[in-house]
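# From the sequence below, what's the structure:
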Amino acid sequence: MSIKFNSLKIKFPLISFFVYLALISIILISCYNRFSGNMRRSYVERGTEILNLAAEDIVIDHIPDYLSGDYDLAEYERTAKKLDLYPRYFDEVFYLYAYHLNDDGVNATYLFDAHVDHGNSNKLGDNYTIEDDVLAQIKKHGAGEPLDAVTSNTEYGYLLTCSKPLLDSKGNFQGYLLVDFNLTKPLDSNRVYFLKLLGIAFAHMLVVFALGMQAVAVRITSPIEKIYLCLSKFKFATIKDREENLKSLRELNIHTNQEIQSLYEALISNVESNLRYMTEFRTVSEKAHTDALTGVGNKAAFEDIGMLLLGRIDDEESPEIAFIMADVNNLKYINDKFGHKAGDDYIIGCVKVMKELCEDSQIFRVGGDEFVIVLEGNDYTNRKYLYEMLKSQFIDTFIDETKDPWQRYSVSLGYAEYSPDDLGVTGILNRADEAMYKEKEAFKQQYGSYR
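Here you go, the predicted structure:
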């Protein structure tokens, strides 16, 4: 028996089949492109964070010494070991390296090349031929300027390269720090994943062809449109945005046939994994901004706060900003006489005193024995009283001869608050620092000093 394809009963479902198959293909391709684009942006963000962290480990002012051969080998090896940790702690890092541009404009000299398991590391002074796409970026933006992330197919796979210019304390360009991510596996996984989804969609269209347009509208088109509309509203700027993405996806509460349900659950799983990774990454970032010994913020964290305070100075007429500079007294004596374990306990005890009295404030360790207290809330309101209380407390702990020497906590303090004459945050810090050193000199004159 022959089939009449001009029959409306056959033609309409057949046309609908191919139309909806094309629609689902377009939706999946759009989703694939969106996910691929978001993945690339996510890796660029990770690269920026990693480069910023790694750049802090490099003494950029010493790069000319590295190139001339007149440098501190121990310092260089410490820096190289720190950079070696990044490929270990961040699985996505394929290469992490730094080089200095040569005068010929097409070659460079290796400064650092972090050790990786999949290749040999280059040594300081080895030649490096700069890739054409990176050269094009340098030509476009100029040497020493931030470059756009580039991708390239290499013998090692599909690599994404992010870079950061290395500028010394005088603003002179000394080279580039670069990180490579191998995106071959993630991209292949995405392709396989979306090809599977396309296969599932095609199999489902065969069922739709048999059941007719009503089943298509109720069980296929509507759920996919909901998912697509939900995805189109996704934002990725913050972790809160990603949490909202997951919430909106779950609120769809789709319960339909197996194929679309699989798509929906896979999308939820993908968004959950992305959120979990970003949360873990934020935890790592927070650890990178915390002093390991005392648990207070480190110098990098204080620099971030300093930028926020600078913004307040620019935006507010009379910003409520006040600092207490704190310098631990007799730390060298404690270390030399009783050992560094006692010295660490001494520092921790000093910080504990500051924490107990400055409950509303943030404390940062900006040097080996130097701390900055950023007064906030009630601490700012009662700032002068609090400052005197701190001085009194440290005098009491220091003169208490019933305690072991490393428990007789002593800190020299200096206080300053914002004045219209201050040149930004630095001006306040300088005045607080001057006040602290005056108190330290007074302490030395009264009690003597080991240093």
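# Show the subsequent helix or strand relative to the helix or strand bottoming out on mean pLDDT in the chain.
Using mean pLDDT, DSSP states H and E, the weakest-scoring helix or strand in the chain turns out to be helix 213-215, at a mean of 59. Per DSSP states H and E, the first helix or strand lying C-terminal to helix 213-215 is helix 222-232.
# Just the buried residues of the helix or strand following that following helix, please?
Beyond helix 222-232 on the C-terminal side, the first helix or strand identified by DSSP H and E is helix 239-251. For helix 239-251, burial by neighbour count (16 or more other Cβ atoms under 10 Å) applies to 242, 245-246, 249. C-beta here means a position set from N, CA and C on the backbone, and glycine is covered the same way.
# Which parts of the stretch 1-150 of the chain are helices?
8-56, 63-68, 73-89, 132-141 (DSSP state H, counting those that start in this stretch).
# These into a markdown table, with extra columns for mean neighbour count, distance to residue 100 and mean pLDDT?
As requested, the helices of the stretch 1-150 of the chain are arranged in a markdown table below (neighbours: other Cβ atoms under 10 Å; distance: least, Cβ to Cβ, whole Å; pLDDT from 0 to 100):
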| stretch | mean neighbour count | distance to residue 100 | mean pLDDT |
| --- | --- | --- | --- |
| helix 8-56 | 16 | 15 | 79 |
| helix 63-68 | 16 | 6 | 93 |
| helix 73-89 | 15 | 14 | 92 |
| helix 132-141 | 14 | 13 | 87 |
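# which one of those lies closest to residue 303?
Across the helices of the stretch 1-150 of the chain, the minimum distance to residue 303, taken as Cβ to Cβ, is reached by helix 8-56, at 9.8 Å.
# How about the contacts made by residue 166?
Residues near residue 166 by Cβ atoms under 8 Å, 6 or more residues apart in numbering: 55, 58, 60, 63, 98, 173-177.
# SS state for it?
Following DSSP: H, G, I helix; E, B strand; the rest coil, residue 166 is assigned to strand.
# and it, what pLDDT?
With respect to pLDDT, residue 166 scores 94.
# wait, what's in contact with the residue nearest to residue 403 when sequence neighbours are not counted?
For residue 403, the nearest residue in space outside its immediate sequence neighbours is residue 397; the separation is 7.4 Å by Cβ to Cβ, 6 or more residues apart in numbering. Contacts of residue 397 were listed using Cβ under 8 Å, 6+ apart, and they are 353, 403, 407-410.
# how about 7 Å then?
The contact partners of residue 397, by Cβ atoms under 7 Å, 6 or more residues apart in numbering, come to 353, 408-409.
# Go through these and single out the one with the most neighbours.
Ranked by neighbour count (other Cβ atoms under 10 Å), those have residue 409 at the top, with 24 neighbours.
# in the stretch 251-400 of the chain, what spans have low per-residue confidence?
Along the stretch 251-400 of the chain, the parts satisfying pLDDT under 70 run over 257, 275, 277-287.
# in the protein, which residue is closest to the centre?
Most central in the chain under Cα atoms, centre = their mean is residue 49, positioned 3.6 Å from the mean C-alpha point.
# Roughly how far does that residue sit from residue 222?
40 Å (Cβ to Cβ, to the nearest Å).
# Can you report how many residues lie near the residue lying closest to residue 99 once chain neighbours are set aside?
Using Cβ to Cβ, 6+ apart and skipping the chain neighbours, the partner closest in space to residue 99 is residue 108 (3.8 Å). The tally of other residues near residue 108 (other Cβ under 10 Å) stands at 21.
# tell me the contacts of residue 108?
By Cβ under 7 Å, 6+ apart, the residues touching residue 108 are 99-102, 128, 130.
# Surely residue 415 forms part of a strand?
Yes. According to three-state DSSP, residue 415 belongs to a strand.
# give me the element the residue lying closest to it once chain neighbours are set aside is part of.
The shortest distance from residue 415 to any non-neighbouring residue, by Cβ to Cβ, 6+ apart, is to residue 387 (4.6 Å). Here residue 387 sits within helix 383-399, counting by DSSP H and E.
# Now that helix: buried residues?
Quick answer for helix 383-399 (16+ other Cβ under 10 Å): 383, 386-387, 390-391, 393-394, 397-398.
# okay if I get those as JSON lines plus distance to residue 332?
Supplementary listing: the buried residues of helix 383-399 in JSON lines, determined by distance: Cβ to Cβ, whole Å:
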{"residue": "383", "distance to residue 332": "30"}
{"residue": "386", "distance to residue 332": "28"}
{"residue": "387", "distance to residue 332": "26"}
{"residue": "390", "distance to residue 332": "22"}
{"residue": "391", "distance to residue 332": "22"}
{"residue": "393", "distance to residue 332": "22"}
{"residue": "394", "distance to residue 332": "18"}
{"residue": "397", "distance to residue 332": "18"}
{"residue": "398", "distance to residue 332": "16"}
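# If anything else comes up later, I'll come back, but that's it for now.
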